[in-house]
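> Build me a structure from this.
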Amino acid sequence: MTSLPKRIALVLPYYNEEHFILPTLAAIAAQDTRDFTLIMVNNRSSDGSPALVEAFLAASDIDYAHVEEDTPGVVPALMKGIALATGEFIGFLNADTIYPPHYVSGALALFDANPTAGSVMAIDLYSPADSAAAQKRLRRVLFASRIMRKKSHAGTYAQCWRRAPFMAAGAFDSAIWPYVLEDHEIMVRMMDKGPSIYDAGHYCFPSTRRTNSAAVSWNAWEKIAYGVLPARAMPWFFHSHLAGRFKRRKMMSEALRNRSWE
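Now for the predicted structure:
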């Protein structure tokens, strides 16, 4: 990293992403601000992705760190990046997600416009932002975020947090939550740290390959329960109810390394 202070650290863990990582890096390089540090965490990749990442970043003007985490699993990789993060804010990216050029500057602007916000969340789109399908999804997520204000409506790849309260809440940590759905569990600990901000102009484009993820997600009844239970029940729901169920189903963080689409 350089010594220049950046307002936000962006943590991007990856594992065997040689077929997806370059478009994501190109999208990061195309951001209309450089007020960020990119922290790449190689989570024991066995393909050519680490060399691709290093070659791309070394030739770019991005302020970055490229480190390794040997413990398999998304949460340990996130923890490695979090430990290196500095700045007022921290965000998380996925190796197979495309971020529009205004993604980082938009997140910072939303934090500035909402000084009590604990987080800024992007909306995941699967078609061009001006398409009818995307506009419908934007309306749906914005509506959900208004009626369920203390629940998460964005995956880890779309989340930015105010770093001080995020760290005070324990951040991502295998000792607290070693399972999948860390993107929803973290909201349990952050829901009283300030509102989550969603905006129609703040979005990203995840890969559709991850739609086949039933083996590493909650079942239909668990998802319904998450939607209907009040926010005050979420600590019990995750830490007393889901934790045991996920453990029995072996839905640990490292389960996300299984590539159902390959």
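> what are the ranges of the strands in this structure?
8-14, 36-42, 63-68, 89-92, 97-98, 119-121, 123-124, 159-162, 196-197, 203-206 (DSSP state E).
> helices and strands around the second one, which ones?
Contacting strand 36-42 under the criterion 3 or more CB pairs under 8 Å, 6 or more residues apart in numbering; DSSP states H and E are the following elements: strand 8-14, helix 49-58, strand 63-68, helix 74-84. For every residue, glycine as well, the C-beta is placed using N, CA and C.
> In its sheet, which strands sit next to the shortest one, and in what direction?
The pairing partners recorded for strand 63-68 under DSSP bridges are strand 36-42 (parallel).
> And the first one, by the same measure?
Strand 8-14 pairs in its sheet with strand 36-42 (parallel), strand 89-92 (parallel), by DSSP bridges.
> Residue nearest the middle of this structure, spatially speaking?
Thr156 (2.0 Å; CA atoms, centre = their mean).
> pLDDT value on the residue lying closest to that residue once chain neighbours are set aside, please?
What sits nearest to Thr156 in space, not counting adjacent residues and going by CB to CB, 6 or more residues apart in numbering, is Asp183, at 4.1 Å. According to the prediction, Asp183 has pLDDT 94.
> cool, the one 3 residues further on as well?
Predicted confidence (pLDDT) at Ile186: the value is 97.
> One more: Arg210?
pLDDT, Arg210: 59.
> Same check on the one 10 residues further on?
Looking at Ala220, its pLDDT stands at 91.
> one step back: list the contacts of the residue nearest to the centre of the chain.
74, 78, 92, 94, 182-183 (CB atoms under 8 Å, 6 or more residues apart in numbering).
> buried set for stretch 173-186?
173-174, 176-186 (16 or more other CB atoms under 10 Å).
> so Asp61 touches Arg34, yeah?
Yes - using CB atoms under 8 Å, Asp61 makes contact with Arg34 at a distance of 6.9 Å.
> low-confidence ranges in this structure?
Scanning the chain for pLDDT under 70 picks out the ranges 1-4, 210-215, 258-262.
> quick one, helices of it?
In the chain, the segments counted as helices under DSSP state H are 21-29, 49-58, 74-84, 103-113, 132-147, 163-168, 182-190, 220-228, 234-236, 243-248.
> Any idea which of those gets closest to Val120?
With CB to CB as the measure, helix 103-113 is the member of these nearest Val120 (4.6 Å).
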